[in-house]
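In: Quick one, what's the 3D model for this:
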Amino acid sequence: MSGTSVLFDAPGPKARRLSLISSIIAGVLILAGLTWIVLTLAAPRESGGITLPGYFDPSRWDIFADPELWNRIITVGVWGTLQAALTASVFAVALGILLSLLRSSEIAWIRIPTAVVLEFVRGMPVLLMMLFILLVLNTGAFWAVVAALTLYNGALIGEALRAGLAALPRGQREAGLSLGMRPLQSKMLVEFPQAFRQMLPIIVAQLVVLLKDTSLGYIVGYVELLRVNMNQLATFYGNRYLFSFFIVTLVLYLIMNLSLSWFARWLSKRTASKSSGTRLDPEDPNQAMLVAQATATARQSETQHGGI
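Out: Numbers count the residues shown, from 1 in each chain. Coordinates of the predicted model:
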């Protein structure tokens, strides 16, 4: 039976030929589209009766040879973006941990209000949240950006961690309770560290979104990369360099976001390899109990040796 299924699943000569033809056609269309875009951007254009050179002309890029432009202006925008992203990331992870614990609480008057707050924050646009914090609380542009990004991404991280807790084998909790731990102790010492490690790649991926959302600070007047390049510099140097600043801004954002995405993929592979080396069988709660028992025994031994 298995041999028959493999036979029917394998593509035949016609299917392989059609796939090859489709790939060639798609490649030709993509190449033609890219060629048209490049030629259109490189062609001179009329603007107010004046013929301007194409976007790839060296005269549109000569200002970027000035080190002062990078050191005193563009670097300020990059640092503003990174400063807001790093600050909000720390607060968002801390808030996510707190919300995940409150949301998974067994006490209804803690769990239900937390769920209501989470749904409200997740459904509110980040930009509207920034404007509300800036106008109502009068915190300043930086803290309006940081607070809004913290609330929104902290809610998403909290839900991811709660899902990680719910996905753990039931034997993990039973193992902690069998050792005399209270439910909160079992969650903090046995369950939560495992859930956090499993959800870490998802958390880092959400921080990539947080980094991109710092560009919304442009609307509330925060001095970040988009505002510096596309507003201040483009206004100062004129429309001649508008496309050039757009490309530079795009490349800088791609460098930051792709670097963080690469770190997320590396972290995912690393945590997956660690988990595969010490994977617990979800159908065998005794295995989880033995691991928890061994951990508790080791801690007790270390305490006794420390006391001696």
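
In: what about the helices in this structure?
Out: Secondary structure of the chain, counting by DSSP state H: helices at 2-9, 13-42, 67-68, 75-103, 108-123, 126-132, 141-167, 170-178, 183-186, 192-213, 225-227, 234-237, 242-277, 285-307.

In: Give me the average confidence score over the longest one.
Out: Translated: helix 242-277. Mean per-residue pLDDT for helix 242-277: 80.

In: quick one: that helix to helix 13-42, angle?
Out: Using axes from the mean of the first three to the mean of the last three Cα atoms, to 10 degrees, one finds that helix 242-277 and helix 13-42 are set 140 degrees apart in direction.

In: helices or strands up against helix 242-277?
Out: For helix 242-277, the elements it packs on are helix 75-103, helix 192-213, helix 225-227, helix 234-237, judged by 3 or more Cβ pairs under 8 Å, 6 or more residues apart in numbering; DSSP states H and E. C-betas here are computed from N, CA, C, even on glycine.

In: Quick check: which of those has the most neighbours on average?
Out: Most buried of the helices and strands packed on helix 242-277, by mean neighbour count (mean count of other Cβ atoms under 10 Å): helix 225-227, with a mean of 22.

In: contact partners of that helix?
Out: For helix 225-227, the surrounding residues in contact (Cβ atoms under 8 Å, 6 or more residues apart in numbering) are 74, 77, 78, 80, 81, 215, 217, 218, 221, 249, 252, 253.

In: distance of the second one from residue 83?
Out: In this case it means residue 77. Remark: distance between residue 77 and residue 83 (Cβ to Cβ, to the nearest Å) = 11 Å.

In: re the thing from before, for the helices of the chain, which one sits closest to residue 61?
Out: Closest to residue 61 of those, according to Cβ to Cβ: helix 242-277, at 5.5 Å.

In: any weak-confidence spans in the stretch 51-200 of the chain?
Out: Scanning the stretch 51-200 of the chain for pLDDT under 70 picks out 172-174, 176-177, 183-184.

In: With residue 71 as the reference, measure out to residue 152.
Out: Distance from residue 152 to residue 71, by Cβ to Cβ: 33 Å.

In: repeat for residue 214
Out: As judged by Cβ to Cβ, residue 214 and residue 71 stand 21 Å apart.

In: okay, the two: which has more neighbours?
Out: residue 214 (24 against 10; other Cβ atoms under 10 Å).

In: Isn't that one up against residue 224?
Out: Yes. Contact status for residue 214 versus residue 224: in contact at 5.6 Å, counting by Cβ atoms under 8 Å.

In: which residues do the two both contact?
Out: 81, 84, 145.

In: want to throw those into CSV with distance to residue 41?
Out: Below are those laid out as CSV (distance: Cβ to Cβ, whole Å):
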residue, distance to residue 41
81, 26
84, 32
145, 33
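
In: circling back: using JSON lines, please lay out the helices of the chain together with distance to residue 51.
Out: Listed next are the helices of the chain as JSON lines, based on distance: least, Cβ to Cβ, whole Å:
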{"stretch": "helix 2-9", "distance to residue 51": "60"}
{"stretch": "helix 13-42", "distance to residue 51": "14"}
{"stretch": "helix 67-68", "distance to residue 51": "30"}
{"stretch": "helix 75-103", "distance to residue 51": "32"}
{"stretch": "helix 108-123", "distance to residue 51": "51"}
{"stretch": "helix 126-132", "distance to residue 51": "39"}
{"stretch": "helix 141-167", "distance to residue 51": "41"}
{"stretch": "helix 170-178", "distance to residue 51": "71"}
{"stretch": "helix 183-186", "distance to residue 51": "73"}
{"stretch": "helix 192-213", "distance to residue 51": "37"}
{"stretch": "helix 225-227", "distance to residue 51": "30"}
{"stretch": "helix 234-237", "distance to residue 51": "19"}
{"stretch": "helix 242-277", "distance to residue 51": "16"}
{"stretch": "helix 285-307", "distance to residue 51": "74"}
